[in-house]
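Visitor: here is a sequence with its predicted model. Questions after.
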Amino acid sequence: MTDTWTLVAAGLVVALLRATTPILFAALGALVSDLAGCVNVALEGLMLVAAFFGVMGAVQAAELWPALPVWAHALIGGGAALLAALALALLLAVFHLEFGADLIVAGIAMNLLAAGLTVFLMASWVGDKGSTATLVSPALPALRVPGLAGWPALDLLVNGEGGRGHPLPLLLAPLAVAAVWLLLQRTPWGRWLRATGENPAAALAAGIPVKRMQYLALLASGALAGLGGVYLSMGYVTLFQADMSAGRGFLALAAVFLGARALAGTTAAALLFGASAVLATQLGALAWRPQLPQMLPPIVTLLAMAVAGARRARRPRPATPEISQRP
């Protein structure tokens, strides 16, 4: 009985990591851009284009260089995914920083562009508007630790289901958290980034290149969201589906505000949203209407945001000095 419950617990932890990874990558990107004063609502579109071009890049690499190993095709696809996400993030940055477009409106436009463009290209290249299931798409390389067959729960936790190993982005997710922490807390770039977001005019007067910092923040946001997107189509599954980001970009954006624009809080909020997705999947296995479990992640998001807002409202505010009125 104990072994059974241990296996169940290990399986739930693995499912939590799988569900949290794409949200966490996008949330880290949203945090970096938000600290620079740029609220990136285009995360959904960035994840979509990365997921699509990752699959198509890997498929094209297999056709052009069949002698290469499968893992090389997958890595080429991953590189194509990151380039596509960076290109869309750069387009967003140019519209906002050079042409003065409203960042929220431009981000929504990028989401619509990505949703329509991926379906159009998929229909043109694959002949299917729903998914790329007819293509043989490789998965990203996975890391497997041998010699754990005698410990089933540990083997499941370390090597995932079936002992195949965890995909590379899942292993990179905690490293990305550590890298963002080091970047924000231990480098001048992090101090410049926060100064840019808190007071751009004062940062510019202090010699900080404000526009360059915002460009870099949006590009870093695109790269991190792209890692989340390529994990969806080449790690979570091995195909691209229309609208497969399924609101994860918006959950990532909510994680930043729920986490009070702090790295620890953002990570915890991403884990919360990942747990709600796992719970929704478990409830979906029951004899319930499929729409009910699908409502769970947004409901958890709304409740969490409401609780966080209520806590902030109850915090004592610093007293403002009264201004004496002269007669």
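Guide: Right, received. Where do you want to start? Numbers count the residues shown, from 1 in each chain.
Visitor: any weak-confidence spans in the stretch 201-327 of the chain?
Guide: 284-297, 301, 305, 308-309, 311-312, 315-327 (pLDDT under 70).
Visitor: run the chain-centre distance for the longest helix out of those in the chain.
Guide: The residue-count maximum for a helix in the chain (DSSP state H) belongs to helix 2-35. Relative to its chain's centre, helix 2-35 lies at 11 Å (C-alpha atoms, centre = their mean, to the nearest Å).
Visitor: show me the strands in the chain, by range?
Guide: With DSSP state E, the ranges of strands along the chain come out as 142-143, 166-167.
Visitor: tell me which strands the first one pairs with, and in which orientation.
Guide: So the one you mean is strand 142-143. Applying DSSP bridges to the sheet, strand 142-143 is found paired with strand 166-167 (antiparallel).
Visitor: what comes into contact with the partner strand?
Guide: If you take C-beta atoms under 8 Å, 6 or more residues apart in numbering as the criterion, strand 166-167 is touched by 17, 139-143, 158-160, 231, 234-236. Glycine gets a C-beta too; all of them are placed from N, C-alpha and C.
Visitor: now those as TSV including neighbour count?
Guide: What follows is those, written out as TSV (neighbours: other C-beta atoms under 10 Å):
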residue	neighbour count
17	20
139	19
140	23
141	19
142	17
143	13
158	17
159	20
160	20
231	29
234	30
235	25
236	20
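Visitor: closest one of these to residue 195?
Guide: Nearest to residue 195 among the contacts of strand 166-167, counting by C-beta to C-beta, is residue 231 at 32.2 Å.
Visitor: and the helices in the chain?
Guide: Using DSSP H, helices in the chain cover 2-35, 43-64, 70-97, 103-125, 152-159, 168-186, 188-198, 200-205, 210-231, 248-258, 263-284, 291-294, 296-314.
Visitor: of all those, which one is nearest residue 240?
Guide: Nearest of the helices of the chain to residue 240, taken as C-beta to C-beta: helix 43-64 at 4.5 Å.
Visitor: packing partners for the closest one?
Guide: Packing partners of helix 43-64 (3 or more C-beta pairs under 8 Å, 6 or more residues apart in numbering; DSSP states H and E): helix 2-35, helix 70-97, helix 103-125, helix 210-231, helix 248-258.
Visitor: nearest approach to residue 196 belongs to which of those?
Guide: helix 210-231 (4.5 Å).
Visitor: no further questions, thank you.
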